[in-house]
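Engineer: Build me a model:
(one chain, ligands or ions: 1)
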Amino acid sequence: MTKPQILWLRRDLRLADQPALAAALAAGPVVPVYVLDDAAAKGHAYGGASRWWLHHSLDSLARDLGKHHVRLILRRGDAVEELCKLADEIGADTVHAMRHYEPWWRKAQGELAKRLTLELYDGNYLLPPGAVTTGSGAPYKIYTPFAKATLEQMPPPEPQPAPAHFTLPDKWPASDALDDWGLLPTRPDWAGGMRDFWQVGEAAGHTRLDDFAARAARYDEDRNLPSIDGSSFLSPHLHFGELSPAQVWHGVGGPQGQGRHTFLKELIWRDYAQNVICQFPRYPLESYRDEFAAMEWRDPDKDGQAAADLAAWQQGRTGYPIVDAGMRQLWQTGWMHNRVRMIAASFLIKHLLIDWRHGERWFWDTLVDADYAQNGTNWQWVAGTGVDSNMFVRVMAPLSQSEKFDAAGYIRSYVPELTGLGEPQIHDPDGHGCRPKNYPEPLVAHREGRERALAAYRAMKG
Ligand SMILES: Cc1cc2nc3c(=O)[nH]c(=O)nc-3n(C[C@H](O)[C@H](O)[C@H](O)COP(=O)(O)OP(=O)(O)OC[C@H]3O[C@@H](n4cnc5c(N)ncnc54)[C@H](O)[C@@H]3O)c2cc1C
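Structural biologist: Numbers count the residues shown, from 1 in each chain. From the prediction side, this is the model:
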């Protein structure tokens, strides 16, 4: 009898185009396991919204495996220890897993490889980080040449279908019960909006992909308009690996036409973010540009007004309708439109002069697509503190952005206090003298916030 093969699942919760699963199956009966290891990631253990998604994603995967009489084994604790224990219990000596690049997973992969045979596979990115290098063999730091070099190596391989047959082990090891993990909120149950907005799991990811493929040609024009569904909504499916990027690439039909081309370049941002994390593992924790250590941020831990401003931003009560709509969309659905993410992030960092890491933390807890690499690189991009980023002195103007990107419908969806306002008043009710009594006045005037940010920047530069 061939030895059972452990399939260690992490952010790769799918059956199709899953090279680790395919290889494990080719080697023997497969025992798939997910280990909930909160300690390894320290401050980046999954936040509330991600835990909600994870619960449903594991539930969906367990059902899909169940159709083949395969059990998904759940264990909780130190991943390396749990995998070694499991190997002992079932007489396995080989673990198959997709390769992951978060620093805690790289450490765990290194430790596990010393104790068991660990076979790692690529396929959660268009190309494995390190596959795209400059002429001198160095990793890219800047997105544009990285994207160009990636495109030259495209398309990715054709995605593989889910296995049709599984070989089963003689007996199944014990598993935790998913419900006992307490991943879902109970008191209070704040997930109602997320339940309404999302279907979780591999099949749901494919439905989203098919839906988007039909409108991908319009992506270039539509993606910046928060009032319409112009983007793909694939980010949580990609984050949890319910879809592979190769499936997405081929699913939209490759880079034909401007809409699809622009979309696939956004998908390359995902690879780029991972490439940055591989070079700078602490990127989501530390400004890349050292000079920002001298920046005099308003510190919510020491300054009561800064703390109140941070709370108002989190709750969507800044008095800037587009920022508030975005922050409330995030709270209700666990997702926020990309352009609004940029506006809301810029508002926190520049208008409120609060360190980007406070925003990174909030997004980490509230996004269903919270991703160590993508969140960190995007926050540093907006802040102007990153390796490739916007300049700090480029301060986004939330009021004119709201008009330019036609956000009235979006604001009406998420800020009920303003539904009665027409255009252009809805973008700037205070400026037009028609702010409803139950809607807050702006935390800071645009010009004043901008000047304060620029003065702080000049002082930092000395
Ligand atoms: C401050 C800030 C924080 C962010 N945090 C995250 C995060 O934690 N997780 C996350 O997945 N995205 C993050 N993004 C990037 C982007 O906003 C989301 O990927 C996008 O809004 C997801 O919606 P979509 O799937 O409809 O995207 P689409 O526009 O349809 O793009 C397709 C896919 O490309 C990738 N992508 C798109 N834009 C970016 C980008 N700027 N950087 C990296 N990958 C990108 C995503 O995987 C996305 O699903 C952040 C952006 C900002 C400005």
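
Engineer: When you work out contacts or count neighbours from here on, use the C-alpha atoms and nothing else.
Structural biologist: OK.

Engineer: all strands for this protein, in order.
Structural biologist: Remark: strands assigned in the chain by DSSP state E are 5-9, 30-36, 73-76, 94-98, 117-121.

Engineer: The ligand: which of these is closest?
Structural biologist: Proximity to the ligand, assessed across those by C-alpha to the nearest ligand atom, is greatest for strand 94-98 (17.6 Å).

Engineer: got the angle for that closest one vs strand 117-121?
Structural biologist: 20 degrees (axes from the mean of the first three to the mean of the last three C-alpha atoms, to 10 degrees).

Engineer: Strand 94-98: partners in the sheet, and parallel or antiparallel?
Structural biologist: Note on strand 94-98: by DSSP bridges, its sheet partners are strand 5-9 (parallel), strand 117-121 (parallel).

Engineer: Most tightly packed of the ones you listed?
Structural biologist: Comparing these by mean neighbour count (mean count of other C-alpha atoms under 10 Å), strand 5-9 comes out on top with a mean of 25.

Engineer: Okay, now the unreliable bits of the stretch 51-200 of the chain?
Structural biologist: Residues of the stretch 51-200 of the chain meeting the criterion pLDDT under 70: none.

Engineer: Of all the strands of the chain, which one comes closest to residue 359?
Structural biologist: Nearest to residue 359, of all the strands of the chain, is strand 30-36, at 25.4 Å by C-alpha to C-alpha.

Engineer: Residue 274 contacts residue 128, correct?
Structural biologist: No: using C-alpha atoms under 8 Å as the test, residue 274 is too far from residue 128 to be in contact (9.0 Å).

Engineer: of those two, who's got more company?
Structural biologist: With neighbours defined as other C-alpha atoms under 10 Å, residue 274 and residue 128 compare such that residue 274 has more, 25 against 17.

Engineer: quick one: the nearest residue to residue 281 once chain neighbours are set aside and residue 44, what's the gap?
Structural biologist: Nearest residue to residue 281, sequence neighbours excluded (C-alpha to C-alpha, 6 or more residues apart in numbering): residue 103, at 5.9 Å. Distance of residue 103 to residue 44, given as C-alpha to C-alpha, to the nearest Å: 11 Å.

Engineer: Walk me through the domains of the protein.
Structural biologist: Here the domain assignment for the chain is 1-121, 124-158+201-279, 290-461, based on automatic domain parsing.

Engineer: Turn these into a markdown table, including distance to the ligand.
Structural biologist: A markdown table is the format used below for the domains of the chain (distance: least, C-alpha to the nearest ligand atom, whole Å):
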| stretch | distance to the ligand |
| --- | --- |
| domain 1-121 | 10 |
| domain 124-158+201-279 | 3 |
| domain 290-461 | 3 |
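
Engineer: rewinding a little: residue 398 is nearest to which of the strands of the chain?
Structural biologist: strand 30-36 (39.7 Å).

Engineer: Packing partners of that closest one?
Structural biologist: Contact here means 3 or more C-alpha pairs under 8 Å, 6 or more residues apart in numbering; DSSP states H and E; on that basis strand 30-36 packs against strand 5-9, strand 73-76, helix 79-90.

Engineer: Just checking: what are the partner strands of that strand?
Structural biologist: Sheet pairing for strand 30-36, using DSSP bridges, gives strand 5-9 (parallel), strand 73-76 (parallel).

Engineer: other SSEs contacting the top helix by length along the chain?
Structural biologist: When the chain is parsed with DSSP state H, its longest helix is helix 257-279. Secondary-structure packing of helix 257-279 (3+ C-alpha pairs under 8 Å, 6+ apart): helix 143-152, helix 219-222, helix 372-383.

Engineer: Determine which of those approaches residue 62 most closely.
Structural biologist: That would be, of the helices and strands packed on helix 257-279 and by C-alpha to C-alpha, helix 372-383, which comes in at 25.4 Å.

Engineer: Would you pull up how far that closest one lies from the middle of the chain?
Structural biologist: Distance of helix 372-383 from its chain centroid, counting by C-alpha atoms, centre = their mean, to the nearest Å, is 10 Å.

Engineer: Would you mind getting the angle between that helix and helix 257-279?
Structural biologist: Angle of helix 372-383 versus helix 257-279, following the same axes, to 10 degrees, is 100 degrees.

Engineer: returning to what we had before: now distance to residue 167 too, for the domains of the chain, in JSON lines please.
Structural biologist: Listed next are the domains of the chain as JSON lines, based on distance: least, C-alpha to C-alpha, whole Å:
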{"stretch": "domain 1-121", "distance to residue 167": "5"}
{"stretch": "domain 124-158+201-279", "distance to residue 167": "22"}
{"stretch": "domain 290-461", "distance to residue 167": "33"}
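
Engineer: quick one: which of those domains is nearest residue 182?
Structural biologist: Of all the domains of the chain, domain 1-121 sits nearest to residue 182, with 8.7 Å by C-alpha to C-alpha.

Engineer: can you give me how far the closest one is from the chain middle?
Structural biologist: Relative to its chain's centre, domain 1-121 lies at 20 Å (C-alpha atoms, centre = their mean).
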